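> could you work out the structure for the sequence below:
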Amino acid sequence: SVLGSCCSNPFVEVAEKCLFFGASLSLDYQSSIQTCSLINGQLVKIDQPQQLRDITQYIQNDQTLYSSYWIDGSYLSDDWLYSDGEIIPLGTPFWATFMKDNQEYGQQPVDLPGANCLAIRKEVSYFFTSNICEELYSPLCEEIEATTSVSVSSTTCGGSLTGLIGEITSPNYPGSYPECDCVWTITWEDDSAIGLTLIYYDGYSQIEHNYLEIRDGLYADSHLLGKYYGHDVVTPINLFTSGQHAWVHFWASGNVGYGGFNLTWTTEWRGTCHFEFYSQVGDIQSPWYPEMYPNKVDCSWLITADVESVIYLTTISFHTQKDADIVQIRDGADNNASLISQMSDFVEPGYEVVSTSNQLYISFKSDGTISEKGFAFKWAAKKTCQTPFLRVGRMCLNFIFNDLTFGQSGISCQEESGQLAAITDSQDLRDLYMYLQNQGIGDTSFWLGGSDNHVEGLWKWKDDTLVPRGTPFWGTMGAASDEQEPTGSNAENCLLLDAEGFHYFRDAPCDTKASALCMYLI
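Numbering: from 1, shown residues only. Purely as a prediction, here's the structure:
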């Protein structure tokens with residue numbers, strides 16, 4: 001993300017991104033993409049619940065921004081995908097709910113012809129919705145960071161080149177070159193070396209008039225790797241630098257009209273790729289992330305946390321060559337430990353792997369062909385939950401399946417040494433939703449520990465702290481399907497995690513019967 005109050009005009013810093021809210025514009029999806037590109041931007045990618053919350057609050061705090069917005073995402077090849085190919089998370093707390101014709105509630109995205117583009121709309125409190133791409137909304141752009149190129153081609157006379165792979169040719173190649181004195185420098189990451197291949201060379205036979213020289217470094221006096229002239233150079237010629245720089249010089253004076261040269265380069269990984277971490281939190285990235293990782297990588301990471309902890313490894317971003325460049329995650333200290341997960345291709349952000357002990361071993365191997373963006377993980381070590389509580393994300397929860405009122409649920413939790421759960425973080429809500437779906441209990445409603453019994457409209461948890469309001473916590477489940485909860489006035493004073501409403505918050509009568517969701521804090 002672009003941070004540090006360094007956003008370029010007209011962008012502003014919101015949700016740890018530099019954003020432009022084009023509220024005065026009314027455009028279709030494709031035109032919004034083009035508009036963003038004109039200001040060095042792209043439609044914003046929202047893939048974390050907290051980003052959605054921060055952006056929604058920013059809009060709602062400024063009436064001039066009250067508009068519906070196109071954001072990055074579309075339906076392609078039977079999946080909702082971001083423009084970088086990553087999968088868009090479905091379900092709560094991202095997507096809006098709606099009323100079906102049969103008076104039951106459904107959740108976006110809807111299966112309508114042409115509804116293939118992603119927006120956050122003011123009518124549904126800025127939850128995700130699928131929309132016909134020709135609809136007219138405002139563009140919500142994020143500034144594109146300056147990045148190095150992956151592939152570079154130079155046909156001009158000299159320059160500073162940065163890229164994972166590339167090509168340099170003499171001016172006018174494959175035609176005859178003019179008189180010239182050209183210098184190129186090539187630079188890549190500081191843990192790399194550069195492999196150069198001279199594919200073709202044809203020049204004047206006298207070295208004082210025409211030559212190509214290649215050096216191991218950035219300067220004219222760096223170590224000479226090779227110097228070539230004349231008609232009889234046998235190609236291909238392979239050269240390697242000792243580090244991250246190469247210097248290429250082509251000189252032609254007087255006798256010109258020959259074929260010139262064609263030189264390609266690739267980069268090779270030379271960095272350290274075996275790491276050990278002894279901490280409770282951290283992050284892991286593939287080499288050169290977010291640029292494409294190098295070929296023939298063999299990396300490993302060993303995480304060791306405190307005794308009586310387990311390690312939660314969460315995917316931030318993941319894209320590798322399918323079935324060829326593979327990440328393995330093992331439940332222990334080395335490559336012989338039990339395999340928990342094997343990953344390649346695309347993996348949805350938020351995908352989580354949990355160890356059974358205080359050690360986790362991750363390995364990554366890439367072949368010698370196609371590279372992709374790679375991956376980023378974060379980890380956090382957490383104390384094990386005491387029975388009967390279960391670990392869900394960073395929470396220890398106990399699910400009491402019974403028909404209980406709000407008051408009865410609180411008592412039941414106390415009997416199990418807990419209290420009704422307080423969900424204060426949008427990622428916790430996402431973790432809980434995914435757990436309920438994965439365990440097949442998505443049709444069960446649960447009481448949470450919030451109410452406005454003491455002061456109408458002032459929602460508090462049992463510890464007297466405020467219940468978060470708005471998106472992405474409270475659903476749109478009022479009398480009108482686009483009305484955001486809480487809506488029940490003094491008749492509905494207790495907080496329900498409602499199955500009908502896809503486990504968004506909902507205010508309900510306190511004598512409603514539901515199961516209890518208990519937690520204890522670590």
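
> how is the chain carved up into domains?
12-143, 149-269, 291-372, 390-520 (automatic domain parsing).

> show the average pLDDT along the second one.
Across domain 149-269, the average pLDDT comes to 87.

> same question for the third one.
Regarding domain 291-372, the rounded mean pLDDT is 91.

> with stretch 462-482 instead?
Mean predicted lDDT for stretch 462-482 stands at 83.

> got the CA positions of it in CSV?
Extracted as CSV, the C-alpha positions of stretch 462-482 are listed here (Å, rounded to 0.1, in the frame of the first residue of the first chain):
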residue,chain,number,x,y,z
LYS,A,462,-21.4,-6.8,28.9
ASP,A,463,-18.2,-5.0,29.9
ASP,A,464,-19.8,-1.6,29.1
THR,A,465,-17.8,-1.0,25.9
LEU,A,466,-19.6,0.1,22.8
VAL,A,467,-20.8,-2.4,20.2
PRO,A,468,-19.4,-1.3,16.7
ARG,A,469,-22.1,0.1,14.4
GLY,A,470,-22.5,0.1,10.7
THR,A,471,-20.8,-1.8,7.9
PRO,A,472,-19.5,-4.5,7.9
PHE,A,473,-21.0,-5.7,11.3
TRP,A,474,-24.8,-4.9,11.0
GLY,A,475,-26.8,-6.4,8.2
THR,A,476,-29.4,-4.9,6.0
MET,A,477,-32.4,-6.7,7.3
GLY,A,478,-35.0,-4.1,8.2
ALA,A,479,-38.6,-3.7,7.1
ALA,A,480,-37.0,-2.6,3.8
SER,A,481,-34.3,-5.0,2.6
ASP,A,482,-31.9,-2.1,2.2
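
> and for the protein, the residue most distant from the center?
If you look at how far each residue of the chain sits from its centre, by Cα atoms, centre = their mean, the farthest one is residue 206, at 55.4 Å.

> residue boundaries of the helices in this protein?
Taking DSSP state H, the helices of the chain run over residues 29-38, 49-60, 406-415, 426-438.

> and the longest one, what other elements does it pack with?
I take that to be helix 426-438. helix 49-60, strand 390-392, strand 395-404 (3 or more Cβ pairs under 8 Å, 6 or more residues apart in numbering; DSSP states H and E). Backbone N, C-alpha and C define where each C-beta goes, glycine included.

> what do you get if the cut-off is 7 Å, keeping everything else the same?
helix 49-60, strand 390-392 (3 or more Cβ pairs under 7 Å, 6 or more residues apart in numbering; DSSP states H and E).

> contacts for the last one next, please.
Residues outside strand 390-392 that contact it (Cβ atoms under 7 Å, 6 or more residues apart in numbering) are 382, 385, 397, 431, 432, 435.

> from these, pick the one nearest residue 142.
The nearest member of the contacts of strand 390-392 to residue 142, counting by Cβ to Cβ, is residue 431 at 25.3 Å.

> thinking again about what came up before, I'd like the helices of the chain written out as TSV, with distance to residue 7, mean pLDDT and mean neighbour count added.
TSV is the format used below for these (distance: least, Cβ to Cβ, whole Å; pLDDT from 0 to 100; neighbours: other Cβ atoms under 10 Å):
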stretch	distance to residue 7	mean pLDDT	mean neighbour count
helix 29-38	14	97	17
helix 49-60	13	96	19
helix 406-415	45	96	18
helix 426-438	23	94	19
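
> out of these, nearest to residue 351?
Comparing the helices of the chain by Cβ to Cβ, helix 426-438 comes nearest, at 9.4 Å.

> what's the closest one in contact with?
Taking Cβ under 7 Å, 6+ apart as the rule, helix 426-438 contacts 49-50, 53, 91-93, 350, 392-395, 423, 442, 472-473, 503.

> give me the neighbour count for the closest residue to residue 199 other than its chain neighbours.
Distances taken as Cβ to Cβ, 6 or more residues apart in numbering place residue 262 nearest to residue 199, at 4.5 Å, with adjacent residues excluded. Applying other Cβ atoms under 10 Å, we find 19 residues neighbouring residue 262.

> again with residue 165
Residue 165 has 17 nearby residues by other Cβ under 10 Å.

> picking that back up, tabulate the domains of the chain in CSV, adding columns for distance to residue 378.
Below are the domains of the chain laid out as CSV (distance: least, Cβ to Cβ, whole Å):
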stretch, distance to residue 378
domain 12-143, 11
domain 149-269, 22
domain 291-372, 5
domain 390-520, 11
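
> closest to residue 276 out of the ones you listed?
domain 291-372 (4.7 Å).

> do me a favour and get the end-to-end distance for that closest one?
By Cα to Cα, to the nearest Å, the extent of domain 291-372 from end to end equals 8 Å.

> which residues in the stretch 101-250 of the chain form strands?
In the stretch 101-250 of the chain, the segments counted as strands under DSSP state E, counting those that start in this stretch are 105-107, 117-120, 128-131, 138-143, 149-154, 159-169, 180-187, 192-202, 210-216, 223-228, 237-240, 245-252.

> residue 448 is nearest to which of those strands?
Closest among the strands of the stretch 101-250 of the chain, once you apply Cβ to Cβ, is strand 105-107, at 19.0 Å.

> averaged pLDDT, the closest one. What do you get?
90.

> how about it: buried residues?
For strand 105-107, burial by neighbour count (16 or more other Cβ atoms under 10 Å) applies to 105, 106, 107.

> again, but for stretch 509-522
510, 512, 514, 515, 516, 517, 518, 519, 520.

> what residues does that stretch touch?
Stretch 509-522 has contacts (Cβ under 7 Å, 6+ apart) with 382-383, 389, 395-407, 409, 412-413, 416-421, 444-448, 491-494, 496-497.

> repeat that with 6 Å
Contacts with stretch 509-522, where a contact means Cβ atoms under 6 Å, 6 or more residues apart in numbering, come from 383, 395-398, 400-401, 403-406, 409, 412-413, 416, 418, 421, 444-447, 492-494.

> drop anything exposed from the residues you listed.
Buried among the contacts of stretch 509-522 (16+ other Cβ under 10 Å): 395-398, 400, 404-406, 409, 412-413, 418, 421, 444-447, 492-494.

> what about stretch 252-260, distance to the chain center?
Mean C-alpha position of stretch 252-260 versus that of the full chain (Cα atoms, centre = their mean, to the nearest Å) differs by 50 Å.

> buried ones in that stretch?
252, 256, 258, 259, 260.

> nearest to residue 64, of those residues?
residue 260 (58.0 Å).

> wait, the closest one sits on residue 177?
Yes: counting by Cβ atoms under 6 Å, residue 177 is a contact partner of residue 260 at 4.4 Å.

> hey, what's in contact with both of these two?
residue 170.

> list the contacts for the spatially most central residue of the chain?
Nearest residue to the geometric centre of the chain (Cα atoms, centre = their mean): residue 317, 4.1 Å. By Cβ under 6 Å, 6+ apart, the residues touching residue 317 are residue 376.
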